[in-house]
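Engineer: Structure of the sequence below:
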Amino acid sequence: MNAPHIRTAAWCLLHVASAIAAAVCLVVFPALGADDGFEPGNLPLKLLGDVPLGGRPTRLDYASLDPARHLLFIAHLGDGQVIVFDTRAARVVSRIPDVASVHGVLAIPELSRVYASATGSNEIVAIDEVTLKVTARMPGGTYPDGMAYAPDLHKLYVSDETGATETVIDIRSNTRIATIPLGGEAGNTQYDPVSRHIFVNVQSRRQLVDIDPATDQIVARIDLPGARGNHGLLIDPGQRLAFIACEGNNKLLVVDMRTMRVTSSFDVGPDPDVLAFDSALHLLYVAGETGIVSMFRAEAGSASKIGDGRVGPNAHVIAVDQLTHRAYFPLKNVHGQATLRVMESTIGQ
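Structural biologist: Below you'll find the predicted structure:
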């Protein structure tokens with residue numbers, strides 16, 4: 001083939017490849033580092049790449065995904081900013097400032113809104129998803145942390161960790177309307193769409209507390225045998241299971257929400273924190289402060305452990321995209337910079 005024909009063929013192939021990449025939302029991630037302790041072990045995950053997040057290499061906390069907008073919101077606690085990451089373009093599109101010591105972040109896609117708990121100023125901060133600007137601030141207790149949204153009553157529930165209370169925000173007016181005493185140190189908060197109740201870990205009492213949003217009253221206290229420092233919480237409404245990560249003894253407890261009893265307990269990596277669930281693949285992730293991630297298969301009302309692996313330094317936070325089965329791990333310091341490590345499940349491929 002002569003040179004003009006070669007150039008023409010190459011041009012055609014390039015455009016065809018570009019069209020295919022655009023059609024499947026192919027993302028090219030930057031090259032990976034090789035000496036940050038990455039040892040995935042037997043985890044069914046493949047590493048796609050690392051993306052610098054900007055800012056300083058300081059602590060990162062909760063993350064929340066809006067899959068329709070392809071936006072991942074990450075709490076950059078040490079920098080007092082909310083990072084906005086475009087998962088389709090694989091890049092940071094904004095850093096929202098003045099969210100002091102931000103711990104929790106929760107995207108509510110149907111409202112086009114994100115809420116963040118600014119522990120440094122003891123506020124809850126509302127952010128518009130379209131403009132990516134702060135639109136409101138409200139009192140959040142003395143140490144606002146995890147959050148959950150009860151859509152029927154338009155209420156946001158915020159764990160006040162050291163204040164031993166649950167703060168209730170009316171999101172229609174962005175005002176605090178109630179403070180619920182928990183009687184102990186609050187862990188994470190989750191909404192159960194089946195019972196339409198809010199559940200909170202009370203970690204200093206080794207209990208799971210059930211709150212009725214209609215009255216903002218505690219209606220049950222569930223003792224958790226085997227728990228110590230029950231902080232992380234995730235509810236799978238389809239299987240009526242609650243998963244509880246205990247940072248005091250490195251355990252994962254499984255609770256049957258029909259009987260409200262602990263049905264099983266598993267060892268996980270040290271200092272487990274955030275949990276995530278891929279409902280299509282029935283995969284549960286438990287991310288720990290030391291960088292160890294534990295994975296489980298959760299189906300037919302029970303859980304079985306897959307394995308453990310070291311994802312990266314301080315990999316205690318995870319968000320999972322239910323459509324792509326990609327797992328996002330914000331890491332505070334990889335080769336001197338805050339980094340988002342992107343991985344993908346190999347199950348079902």
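
Engineer: ok, now how distant is the closest residue to residue 174 other than its chain neighbours from residue 172?
Structural biologist: The shortest distance from residue 174 to any residue other than its chain neighbours is 4.0 Å, reached at residue 136 (C-beta to C-beta, 6 or more residues apart in numbering). Every residue, glycine included, has its C-beta placed from N, CA and C. Summarising the geometry, the distance separating residue 136 from residue 172, computed by C-beta to C-beta, to the nearest Å, is 11 Å.

Engineer: Residue 187 contacts residue 205, doesn't it?
Structural biologist: No. Counting by C-beta atoms under 8 Å, residue 187 sits too far from residue 205 to count as a contact (10.4 Å).

Engineer: Residue 308 in helix, strand or coil?
Structural biologist: Classification of residue 308 by DSSP: H, G, I helix; E, B strand; the rest coil places it in strand.

Engineer: number of nearby residues for it?
Structural biologist: Residue 308 has 20 neighbours, counted by other C-beta atoms under 10 Å.

Engineer: What residues does residue 191 make contact with?
Structural biologist: Residues touching residue 191, when contacts are defined by C-beta atoms under 8 Å, 6 or more residues apart in numbering, comprise 148-151, 157, 197-199, 235.

Engineer: who's more crowded, residue 136 and residue 172?
Structural biologist: The residue with the greater number of neighbours, taking residue 136 and residue 172 and applying other C-beta under 10 Å, is residue 136; the counts read 17 against 10.

Engineer: tell me which element the more buried one falls in.
Structural biologist: Using DSSP states H and E, residue 136 sits in strand 133-139.

Engineer: Okay, buried residues for that strand please.
Structural biologist: Buried residues in strand 133-139, counted by 16 or more other C-beta atoms under 10 Å: 134, 136, 138-139.

Engineer: Closest to residue 333 out of the residues you listed?
Structural biologist: residue 134 (27.0 Å; C-beta to C-beta).

Engineer: And the closest one, how far from residue 344?
Structural biologist: Note on residue 134: its distance to residue 344, by C-beta to C-beta, is 33 Å.

Engineer: again, but for residue 108
Structural biologist: When C-beta to C-beta is the yardstick, residue 108 and residue 344 sit 26 Å from each other.

Engineer: Repeat that for residue 173.
Structural biologist: Residue 173 sits 41 Å away from residue 344, going by C-beta to C-beta.

Engineer: Same drill for these two, tell me which one is more crowded.
Structural biologist: Under the criterion of other C-beta under 10 Å, the comparison of residue 173 against residue 344 puts residue 344 first, with 16 against 11.

Engineer: what about the strands in the stretch 1-150 of the chain?
Structural biologist: For the stretch 1-150 of the chain, the strands defined by DSSP state E, counting those that start in this stretch cover 45-52, 63-66, 71-76, 81-86, 91-96, 102-108, 113-118, 123-128, 133-139, 144-150.

Engineer: per-domain residue ranges of this protein.
Structural biologist: Per the record's domain assignment (automatic domain parsing), the chain is made up of the domains 1-30, 31-345.

Engineer: so how far is the longest one off the chain centroid?
Structural biologist: What that stands for is domain 31-345. The gap between where domain 31-345 is centred and where its chain is centred comes out at 4 Å by C-alpha atoms, centre = their mean, to the nearest Å.

Engineer: Low-confidence regions, the protein specifically.
Structural biologist: Filtered on pLDDT under 70, the chain yields the residue ranges 1-35, 349.

Engineer: hmm, back to that, ranking the domains of the chain by burial, who's on top?
Structural biologist: Burial of the domains of the chain is given as mean neighbour count (mean count of other C-beta atoms under 10 Å); domain 31-345 ranks first at a mean of 20.

Engineer: coming back round to it: show me the contacts for the residue nearest to residue 174.
Structural biologist: Contacts of residue 136 were listed using C-beta under 8 Å, 6+ apart, and they are 125-126, 174.

Engineer: next one: residue 83
Structural biologist: The neighbourhood of residue 83, defined by C-beta under 8 Å, 6+ apart, consists of 53-55, 73-76, 92, 94-96, 330.

Engineer: and which of these is nearest residue 227?
Structural biologist: Ranking these by separation from residue 227, with C-beta to C-beta as the measure, puts residue 75 on top at 25.4 Å.

Engineer: Would you agree the closest one is in contact with residue 95?
Structural biologist: No. Contact status for residue 75 versus residue 95: not in contact, 11.5 Å apart, counting by C-beta under 8 Å.
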